[in-house]
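[1] Below are the sequence and a predicted model for it; my questions follow.
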Amino acid sequence: MHEQELITVVQLCRAVEPSTDFKERSRRLIAALPQKRPTWIEVVSRELVENLKFTFSLALASFILVAVFGGFAYWRNFIPGGRFTNESRELLSEAEQINLGIELGEAEYFTESAREMTLLLGEIRKPEEVPVDDLLDQIIF
Amino acid sequence: MLEGEENIIRTAQEGDRPSFDALYEHYLSPIYRFIYMKVSHREEAEDLTHEVFASCWQNLPRYRSKGFPFSSWLYQIARNKVIDHYRVKRSTIPLEDVDAELVAADFGIERALENRFAIEKIRGALRTLTPDQQDVILMKFMEDLSHREIAAALSKSEGAIRLIQHRALNELRRLIQPER
């Protein structure tokens, strides 16, 4: 039996209807029943639950966001090709050491050169340290 | 869905009888059929249908749509009533006759007899399915409810409903085919 054929057979059941007598009898009986009004406690608790649901979903969404991004940053340390693999860590520390060496070397060089420059300047300045009066005397006389 | 249903429900919630009558008229037959296909006697179907609408009227002020159609709520009540009914009384499954007037209205006698036979065959086969499978087949193919409405009534996902429907159709086909 094909699916459509089966569905058609099921749809035959739409012919089933309640009797008019039952329909009217049931309606009359229901009309005599009072409605159950919600108490104020029910109304308040329902509102409270709705608000809590909203707050909770907001908190959950924030937590998930933090967990996703935080987790991503954390796991990046372990995934291959991530920023902090063992190999890259070694390279990084090596690079840091090189930089430090250069900086220390430069500092040493500057200290040495500064000292040399002072001495040189001192030497250059010595012959020029002839008193101005003597020089004038030489020129005039 | 009834035209202007939201307004009708709102006024019925405030205790307006004509509004409730409109809902009753519109949903009585589908709910009755749904129950009738799941129980063994017409009287039982009538009693349970009455209970469903009585419960609906009494609890209407507490009803909130939550984005699902009103019919989903009614089917949910009907489903629970049938479950309670079977919990209290374990019925046997006789292939008792359907009242002639139920199916003869629009057909000739011969056609009506054919239909009676087909309906009984389907009822018999349906009762061997799981309650969820029965509900899905009845709601989907007898009442043309959407998967979303069925999912809301049965508190399941739409994907689960599609899966149940697929399994139920296969099972029904297997049950009905050898007899043809």
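    Arrived safely.

[2] in chain A, what spans have low per-residue confidence?
    Scanning chain A with the threshold set as pLDDT under 70 gives A:1, A:76-86, A:99-104, A:125-132, A:135, A:141.

[3] From the recorded domain assignment, give the ranges for it.
    With domains defined by automatic domain parsing, chain A comprises A:42-83, A:95-141.

[4] Tell me which of the ones you listed sits nearest to chain B.
    Closest approach to chain B among the domains of chain A is made by domain A:42-83 (7.4 Å; Cβ to the nearest Cβ). Where you see a C-beta, it was placed from the backbone N, CA and C, and this is true even at glycine.

[5] could you dump the domains of chain A to CSV with mean neighbour count?
    What follows is the domains of chain A, written out as CSV (neighbours: other Cβ atoms under 10 Å in any protein chain shown):
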stretch, mean neighbour count
domain A:42-83, 10
domain A:95-141, 9
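
[6] Could you dump those domains into CSV with distance to B:Ala151 added?
    Below are the domains of chain A laid out as CSV (distance: least, Cβ to Cβ, whole Å):
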stretch, distance to B:Ala151
domain A:42-83, 20
domain A:95-141, 59
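
[7] for those, which one sits closest to B:Lys140?
    domain A:42-83 (30.5 Å; Cβ to Cβ).

[8] Distance from the closest one to the middle of the chain?
    13 Å (Cα atoms, centre = their mean, to the nearest Å).

[9] Wondering if that domain reaches chain B at all.
    Yes. Legend: contact between domain A:42-83 and chain B by Cβ under 8 Å from any Cβ of the partner chain is shown at A:Glu42.

[10] what's the single longest helix in chain A?
    helix A:86-125 (DSSP state H).

[11] returning to what we had before: which one of the domains of chain A lies closest to B:Lys156?
    domain A:42-83 (20.4 Å).

[12] So what does B:Lys38 look like in phi/psi?
    phi -100, psi -10 (degrees, to the nearest 10).

[13] hmm, whichever strand or helix holds B:Lys81 in reach of chain A?
    Assigned by DSSP states H and E, B:Lys81 belongs to helix B:70-88. No. Residues of helix B:70-88 are not located near chain A by Cβ under 8 Å from any Cβ, the shortest gap being 13.1 Å.

[14] pretty sure B:Met139 is touching B:Gln76, no?
    No. Using Cβ atoms under 8 Å, B:Met139 makes no contact with B:Gln76, being 11.1 Å away.

[15] Compare the two and say which one has the larger neighbour count.
    Legend: neighbour count by other Cβ atoms under 10 Å in any protein chain shown for B:Met139 and B:Gln76, higher for B:Met139 (25 against 16).
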